[in-house]
Every structure is written in C-alpha cells, then in structure tokens.
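> I would like to see how this sequence folds:
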Amino acid sequence: AATLMPMALELHGILPVFEESTKALANELVRQKFRRAPSMKRMSVFGVQRAGSVYDPQEQGAENLSPEDKWKEWFSFYLTKFQGQGQKPQPGSDFKFSVFAAVGSFWVLAIIMAVDADLKTRTWREESLFALVGSFGAVAALLFAAPQSPVSQPRNVVGGHMLSCAIAVCFDYITSPDYFPILPQWLANALVPATAITAMSALGFTHPPAAACATVYISGGPRLRNLHWRYLGFPVLFDCLVMIVNAVLINNAIPSRQYPIFW
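Sure thing, here's the model as predicted:
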C-alpha cells in the first residue's frame, strides 16, 4: 500500500493532462480532416451545399506569401474543388415510383391542356388565350418525380411563381415600347431570371421552373405580354393550383409517398 499510494497520486495528477492532450490531438485531427477531405455543409433549407474546404490564407499557411504566390495558392485550391465531393450519384427510382410519376404528370398536364384547347376560340386584345406555360412541364417533373424535394413544396411552387412573374412584369415597364423602353430587350431577357433567382433564394421560395416562367413572359410576344399583370393570375396561378391539388391527391394515394412535406 505504501508503494502503490505514491504511484496512484502521481497518476491522478497525470490523467487530466493526458486527457487534455488527447482532446487537443483529436480536435487537430478532425480539423485537418475537415480541411483536406470533402465534406458537406448545408447553406439553406433547400439542401444547397458548399465544399467542406474553404480557402483561408492563414490556415493554408499563405498569409506571408507574395501576392503572386497567394494567387497561385488560391487557384490551386480552386482547381481541387473540380474533383467533386466524392459522393455517389443518386440511384434511379423503382418501376412503381416511375410509373406513378408518369401517370401523375400526364394527368395534370392533360387537365391544363384541355382547358388550353377550350380557350383557343377566346381572345384578349386580339390574341388567343392559353392555359399552359411551357415551364410547367418541369413543375410536373418536380411534383411527381421528386415530391420530397424542398423546391417541390406548395409554398415554393406558388411563392416562386408569383414572385418571379411579378418581377418579369415590372421589367416589362422598362422594356416594352408601350411604356418606357430604356432597357434593351436582350438585357432584360437575362436580368429577369437572374433577379428572380436572387429574390427566390433570399426569401426562401426557390423553385427553378418559376425562373423559367418569368423568362417565358419577358421574352415572349404580344400574346403573352398583353396579359400584363393578368399573367400572374391566369395562366400562372391557375396552373400552380391545378398542379398542387393533383399532386396532393395522387402522391398521397401511394403508400410510400407523402406530399407535401410542408405547406
């Protein structure tokens, strides 16, 4: 006992130091792994991700380099991102899932096309009316082939379209010869989707087909642009509601699916 007691006291004093050293070593290993290995970090609720490695001159030991060497170091780091993050590609859906995606897409587009065909005989400002906007084929793909995606949810479908198309109509005031054509048409065609994408991303309404719908309007002819603000209500909002209602009815009829994941 007399021999073991001093050893026990010595170990009691060493263990905390050993524990702290082990923690520091583990943290350093994790930090090095994070810096060198590909990892994933969520930037938003839409699953947008960025590379796990972020260039930091201090961490990379480049803070004392010349401007030219710093640029070379950054460019080398930039090129390494082209390798990807090493994740496996998403596998294809099973046959049953794919068939229901086809049935749902066909059904909802057939409804809109039936309305579209009935409107061919009706006009607005000497232009025939229409119900289908081409970008809604992509909406059908999202709602029936990727119903769990955050960008496929109702608030994104409606909010993204209303926001994007409102931006397109506002740009129409500074491009159309009927108002104040201070912006070239070709430039507006690029600015509208860019502005819509920025607004949707910032406000949480990201929905890719909505940017396409806005582009369809601003680059379209009189048949589209004569509708002006009416474009938001019909055909856009009408198409959104038809899509969402049928997506809820069809997706939830399948035991393995649930739509939406949020409203």
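
> just give the nearest non-adjacent residue to V139, would you?
Closest residue to V139 apart from its sequence neighbours, by CB to CB, 6 or more residues apart in numbering: P209 at 4.7 Å. To be clear about C-beta, it is placed using only N, CA and C from the backbone, and glycine gets the same treatment.

> which residues touch whichever helix or strand the one you found is part of?
Using DSSP states H and E, P209 sits in helix 208-218. Applying CB atoms under 8 Å, 6 or more residues apart in numbering, the contact partners of helix 208-218 are 133-136, 138-139, 142, 151, 157, 160-161, 163-165, 167-169, 171-172, 175, 188-189, 192-193, 196-197, 200, 224-225, 231, 236.

> out of those residues, list just those in helices.
136, 138-139, 142, 157, 160-161, 163-165, 167-169, 171-172, 188-189, 192-193, 196-197, 200, 224-225, 231 (DSSP state H).

> out of these, which end up buried?
Taking 16 or more other CB atoms under 10 Å as the criterion, what is buried in the ones in helices among the contacts of helix 208-218 is 136, 139, 142, 157, 160-161, 163-165, 167-169, 171-172, 188, 192-193, 196-197, 200, 224-225, 231.

> quick revisit: send me the helix holding P209 as CSV with only the CA atoms.
These are the backbone C-alpha positions of helix 208-218, laid out as CSV (Å, rounded to 0.1, in the frame of the first residue of the first chain):
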residue,chain,number,x,y,z
PRO,A,208,-36.4,26.5,-60.6
PRO,A,209,-39.3,26.4,-63.1
ALA,A,210,-40.6,29.8,-61.7
ALA,A,211,-37.5,31.5,-63.2
ALA,A,212,-38.2,29.8,-66.5
CYS,A,213,-41.8,31.0,-66.3
ALA,A,214,-40.6,34.6,-65.9
THR,A,215,-38.2,34.2,-68.8
VAL,A,216,-41.1,32.9,-71.0
TYR,A,217,-43.0,36.1,-70.2
ILE,A,218,-40.3,38.7,-70.7
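
> what about it, distance to the chain center?
15 Å (CA atoms, centre = their mean, to the nearest Å).

> now swap in stretch 246-253 and tell me
That offset, for stretch 246-253, works out to 23 Å (CA atoms, centre = their mean).

> cool, stretch 250-258 as well?
Distance, centroid of stretch 250-258 to centroid of chain: 23 Å (CA atoms, centre = their mean).

> stretch 215-230 too?
25 Å.

> can you check stretch 242-253 too?
21 Å.

> for stretch 182-199, same thing?
19 Å.

> what does stretch 175-188 give?
Remark: stretch 175-188 is offset 29 Å from the chain centroid, using CA atoms, centre = their mean.
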